[in-house]
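Colleague: Test case, fold it:
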Amino acid sequence: MSIFSRMSDIINSNINALLDKAEDPEKMVRLIIQEMEEALVEVRSTSARAIADRKELERRGAWQEAEAQEWQRKAEVAVVSGRDDLAKGALVESNKARETISLLSEELGLVEATLAKLNEDVVALQAKIKDAKARQNAIIVRGKAAQTRLGVRRTLSDHNIDDAIARFELYARKMDDLEGEIEAYDMGQKTLSDEIAELETDEGVDEQLTELKARIAGQHDTGDSVVEVNSSNT
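Modeller: Numbering: from 1, shown residues only. Down below sits the predicted model:
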């Protein structure tokens, strides 16, 4: 497991604590960013040690390479001098140096792989920290809003909602009954507006009656004139 993976676990656990315990969002966000920055320092320290290890391995490898070449040279000198026994001993030492170089090369490969992974962790952590700082205010606002909603939910859960609704409906019914009683008292009683409206209605009817009488009278007068004319002709 990489350091960054462990850091992700820490961040996730803190987010869960924030949601479960409804802790101070601002405090929790600052804590998470602080932990990421501390993890970044740890990763960089580990990288520095790995770089030092790589340099040491490279230095030891170079020294062993020089040793192998030197024993190889001594073996050649021994062969030229007719000392095969010394040449064999020099070759053995040269081979030992070569074997050490091989082991050092394997260790160097592991260190290089570790450095590459640490470099990825540094880049990822830097991006996470930058993103967290950019979203810090928004996360704090969301956290406080969630706390407020949670407080309201908890307040509601402390009371019987059905009882509260029933009491409200009962009160509303009482208001309806009271308004109905008031309207019942007003029934049969004319207001000033009602009386004036009746006067206006009566005036309108009187005018219509006057017009009707005049029209009927006019019809009668016309009829009488026709009868007189007919009588004269006769």
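Colleague: Report the residue ranges of every domain in the chain.
Modeller: 3-158, 165-233 (automatic domain parsing).
Colleague: Who are the packing partners of the one helix or strand Lys130 maps to?
Modeller: Assigned by DSSP states H and E, Lys130 falls within helix 84-134. For helix 84-134, the packing partners by 3 or more CB pairs under 8 Å, 6 or more residues apart in numbering; DSSP states H and E come out as helix 3-21, helix 25-80. Heads up, the C-betas are built off the backbone N, CA and C, glycines and all.
Colleague: got JSON lines for those, with mean neighbour count too?
Modeller: Formatted as JSON lines, the helices and strands packed on helix 84-134 follow (neighbours: other CB atoms under 10 Å):
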{"stretch": "helix 3-21", "mean neighbour count": "14"}
{"stretch": "helix 25-80", "mean neighbour count": "16"}
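Colleague: Do me a favour and average the pLDDT over the helix or strand where Ile216 lies.
Modeller: Under the criterion of DSSP H and E, Ile216 resides in helix 192-233. Mean per-residue pLDDT for helix 192-233: 65.
Colleague: and what of stretch 80-88?
Modeller: On average, stretch 80-88 scores 90.
Colleague: Identify the residues contacting it?
Modeller: By CB atoms under 8 Å, 6 or more residues apart in numbering, the residues outside stretch 80-88 that reach it are Lys74, Ala75, Glu76, Ala78, Val79.
Colleague: Now distance to Asp176 too, for those, in a markdown table please.
Modeller: What follows is the contacts of stretch 80-88, written out as a markdown table (distance: CB to CB, whole Å):
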| residue | distance to Asp176 |
| --- | --- |
| Lys74 | 117 |
| Ala75 | 116 |
| Glu76 | 119 |
| Ala78 | 121 |
| Val79 | 122 |
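Colleague: quick check, nearest of the residues you listed to Arg215?
Modeller: Taking CB to CB as the measure, Arg215 lies nearest Ala75 of the contacts of stretch 80-88, at 152.3 Å.
Colleague: Right, I'll call it a day here.
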